[in-house]
Structures are given as structure tokens and as C-alpha cells.
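Participant: Just to be clear, the model below is a prediction. Sequence and coordinates:
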Amino acid sequence: MCRRFDATRPVADEVLDDMLDLATRAPSAGHTQGWELLVLSAQAERRVFWDATRTDGYPDRWLEGVSAAPVLVLALSDPTAYLDRYAEPDKGWRDRSTERWPIPYWDTDTAMSVMILLLAAQERALGALFFGVPGALHDRVKEVLAIPDRLRIVGVVALGHPDPVRPTPRSPSLRRGRRGVERMVHRGRFGRH
């Protein structure tokens, strides 16, 4: 995850369009495709987002590095698209109840789209960072960017070229190490590795 971007190097439109096309191909429950991607590539558009998410204590080093990204992509999920889709005859759920969904696949499918976008950035030697919007700020962000009420903000992807002068420092969290396959993969039943 890149946290310092080169503000002087834009992402070429054709590269961005190709990456967005890939992100729209993510799998989705019932082929609902219930996500939207809001791309902020103009400086004025990004400023509106950053102003809406500004809180006390900003700007800080994180914001200084990330706000230099020339592209922000807001990943938005649409729960009603899934409720509508699964009320269709081939699915047969007439009540549109969210209780039928122990996992909110509208958010899961949106996250899969984001993962494809992150992998596409890696493949193109671009820096990328997925980050969340604090819950208390969702309404404000939706208002200033005219995001319909039916959509949920799952997160944001910052995209751009990594800063060659000030590279992203290693996160202190990495000191924890990566859990190995022997601890994460179970075979046949839980507890068997």
C-alpha cells in the first residue's frame, strides 16, 4: 500500500480506463454487479473529497502523502440492487429481506472489485492505497459528491505513481510478521493443518 504519491505524474486516461474496466468484471452474487465506482481525477474534485473528510488534527503526514494521489476511486455498494435481483423469478425470494443475507454480499462484491483495481495498479507499477472513510463523515461525503442515498461507501482507492523522493515508509504493523500457511489453512476440518 502506497502512502506517498508523486503529484507531478498523472495516471494516463487509457491506463485508468483499462483498470476500471477490469474492476467492473469482479464476480458478484446473482451477477447483480451492485457496485458503482466514483472516479475523482481532477484536482478540484479531489479537493472536495479531502475538504469533506477533514477533521481536527489534519493535515498530518498521512494526509500529505495520500492527498498527492492524482486519482481517487470511491467504491460504492448498492444493497437494493441485490434485494431487487434476488426477488426476481429465477432466485425466488419475494420478501427482499436483508435477514436472508448473513454476509452483505453487496459490500463483499464491491471489495472484490477493489481488489482487482489494486492488482491492476500493481501490474502497471502504480502505487495504490485502499482506505476507509470514517463513518461519521459518510453523509457529508455523499452530500458534497452527490452520491445517491441508496449507495454505501465501502472505501476509497488512491492511485498514482509512488513518490520517488520520499518513498512510503514501512508500516510499524509489519513487525507483527505474516501468519504462515500452517496457521491459516485448515484441511478437512478446523484445526488440521
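Facilitator: Okay, I see it. On a predicted model such as this, the values are computed, not experimentally measured, just so you know.

Participant: element containing F130?
Facilitator: strand 127-131 (DSSP states H and E).

Participant: hmm, who's touching whichever helix in the chain runs longest?
Facilitator: The longest helix of the chain (DSSP state H) is helix 105-123. When contacts are defined by Cβ atoms under 8 Å, 6 or more residues apart in numbering, helix 105-123 is touched by residues 18-20, 22-29, 32-35, 37, 73, 75-79, 81-82, 127-128, 130, 152, 154-155, 157, 159. C-betas here are computed from N, CA, C, even on glycine.

Participant: Tell me which residues of that helix come out buried.
Facilitator: Residues of helix 105-123 classed as buried under the neighbour-count rule (16 or more other Cβ atoms under 10 Å) are 105-114, 116-118, 120-121.

Participant: And for stretch 123-134?
Facilitator: The neighbour-count check on stretch 123-134 (16+ other Cβ under 10 Å) flags R124, L126, G127, A128, L129, F130, V133 as buried.

Participant: closest to V165 among the residues you listed?
Facilitator: Nearest to V165, judged by Cβ to Cβ, of the buried residues of stretch 123-134 is G127 at 13.3 Å.

Participant: Following the chain onward from the helix or strand hosting V156, which element is next?
Facilitator: Under the criterion of DSSP H and E, V156 resides in strand 152-160. Next along the chain after strand 152-160, taking DSSP H and E as the criterion, comes helix 181-184.

Participant: List the buried residues for that following helix?
Facilitator: By 16+ other Cβ under 10 Å, helix 181-184 has no buried positions at all.

Participant: residues making contact with it?
Facilitator: Identification of contacts with helix 181-184 by Cβ under 8 Å, 6+ apart yields H193.

Participant: Return the distance of it from the chain's centre.
Facilitator: Here helix 181-184 is found 27 Å from its chain centre; the criterion is Cα atoms, centre = their mean, to the nearest Å.
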